[in-house]
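Visitor: give the three-dimensional model of this entry:
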Amino acid sequence: MKRRFAVFAALTLFANCNEALPQERLCRSTDPIDTIKEMSDAIYACWQPPPGTAGMSLTLRFSLRRNGTLIGKPRATYSDLGTDSQLGRAFVASIIKVLDDALPLPFSDGMGGAIAGRMLSPRFTARSKIHPDARRLAPAWL
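Guide: Residues are numbered from 1 along each chain as shown. Prediction:
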């Protein structure tokens, strides 16, 4: 019961993040992922929003298998893509590309078992300027 509550609490915290920020982890790192933060860092490390998309935001909903691969297709649940349709398409394409680039994630056995099949809802938000302490701040998710 305690483990189930811990996983629920972690997913709830992960879900309440709001912005993608650069992280210490490198894209496609093979270091095992043991936490929700490491999982979000691994995905956001591969994301580069296109120029001119500051303020745009997209929330996806998807699940991962214990081996770090995607289950089914991600579904957009929220978007704020501005008024320029070409920039909006480029922004969405950058997020689809990040999933192709970052997955499969190298989950540890414990994390793979805990996260498998759970719905994730990361929000990708392009920022205009990176805060000087951005590498120490938690990214936005679920």
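Visitor: hmm, who's touching the longest strand along the chain?
Guide: In the chain, assigned by DSSP state E, the strand with the most residues is strand 70-80. If you take C-beta atoms under 8 Å, 6 or more residues apart in numbering as the criterion, strand 70-80 is touched by 55-65, 92, 96, 99, 103, 117, 121, 123. (Glycine included, C-beta is placed from N, CA and C.)
Visitor: go again using 7 Å as the cut-off
Guide: The set of residues external to strand 70-80 that reach it, using C-beta atoms under 7 Å, 6 or more residues apart in numbering, is 56-65, 99, 103, 117, 121.
Visitor: in its sheet, what does it sit against?
Guide: strand 57-64 (antiparallel) (DSSP bridges).
Visitor: buried residues of the strand it pairs with, list them for me.
Guide: Neighbour-count burial for strand 57-64 flags 57-60, 62, 64 (criterion: 16 or more other C-beta atoms under 10 Å).
Visitor: now the end-to-end length of stretch 49-66.
Guide: 28 Å (C-alpha to C-alpha, to the nearest Å).
Visitor: what sits up against it?
Guide: With C-beta under 7 Å, 6+ apart, stretch 49-66 has contacts from 70-71, 74-82, 87-88, 90-92, 94-95, 105, 107, 112-113, 115-128.
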